[in-house]
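Colleague: What follows is a predicted protein model with its sequence.
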Amino acid sequence: MRLVLGTFARGGIEAISGGDLSDGVRAALRRYATRERSGWAKRVDRHCLRRPGATGPGMELTVDPKTERALERRAREYGGVAVEELAAHAVLVYLAEADASAGD
């Protein structure tokens with residue numbers, strides 16, 4: 001999977017994962033793919049996925065087949081967005097959830 005992350009997403013994932021960007025992204029994708037999204041979260045996802053994605057250098061990432069199938073299924077549910085675009089969105093959702101839990 002080819003994934004393009006902006007500076008914010010890269011820095012956030014590296015900070016959370018102790019500097020290992022690939023492992024941090026894989027954790028974000030697994031969490032997003034396996035977690036049930038509620039009605040409001042699905043509306044936010046759909047809204048965010050209509051906006052242009054990040055541009056810049058990408059990274060190649062191999063994820064486990066179960067996660068990849070779940071992301072592909074969710075991408076179809078959201079109107080056929082590109083899996084790579086959904087994956088970049090999943091990283092931002094992961095960062096938002098980490099930030100919210102840090103404030104608890």
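Modeller: Received the coordinates, thanks.
Colleague: Just give the nearest non-adjacent residue to residue 97, would you?
Modeller: Using Cβ to Cβ, 6 or more residues apart in numbering and skipping the chain neighbours, the partner closest in space to residue 97 is residue 31 (7.8 Å). Heads up, the C-betas are built off the backbone N, CA and C, glycines and all.
Colleague: That neighbour contacts residue 94, correct?
Modeller: Yes. If you go by Cβ atoms under 8 Å, residue 31 and residue 94 touch, sitting 5.8 Å apart.
Colleague: With neighbour numbers in mind, choose between those two.
Modeller: Ranked by neighbour count (other Cβ atoms under 10 Å), residue 31 and residue 94 place residue 94 first, with 23 against 15.
Colleague: helices or strands up against the helix or strand where that one lies?
Modeller: Assigned by DSSP states H and E, residue 94 belongs to helix 83-102. Helix 83-102 sits against strand 2-4, helix 7-16, helix 21-34, helix 39-49, helix 65-77, with contacts defined as 3 or more Cβ pairs under 8 Å, 6 or more residues apart in numbering; DSSP states H and E.
Colleague: And the ones you listed: which comes nearest residue 102?
Modeller: With Cβ to Cβ as the criterion, residue 102 lies closest to helix 7-16 of the helices and strands packed on helix 83-102, at 9.8 Å.
Colleague: residues in contact with stretch 86-99?
Modeller: With contacts defined as Cβ atoms under 8 Å, 6 or more residues apart in numbering, stretch 86-99 is touched by 1, 3-5, 8-9, 12-13, 16, 25, 27-29, 31-33, 45, 48-49, 53-54, 71, 74-75, 78.
Colleague: What sits closest to residue 9 if chain neighbours are left out?
Modeller: Nearest-residue entry for residue 9: residue 91, 5.0 Å, with adjacent residues in sequence omitted and distances by Cβ to Cβ, 6+ apart.
Colleague: I'd like to know how far the closest residue in space to residue 28 that isn't next to it in sequence sits from residue 80.
Modeller: Using Cβ to Cβ, 6+ apart and skipping residues adjacent in sequence, the residue nearest residue 28 is residue 94, 3.5 Å away. Between residue 94 and residue 80 the distance, using Cβ to Cβ, to the nearest Å, works out to 23 Å.
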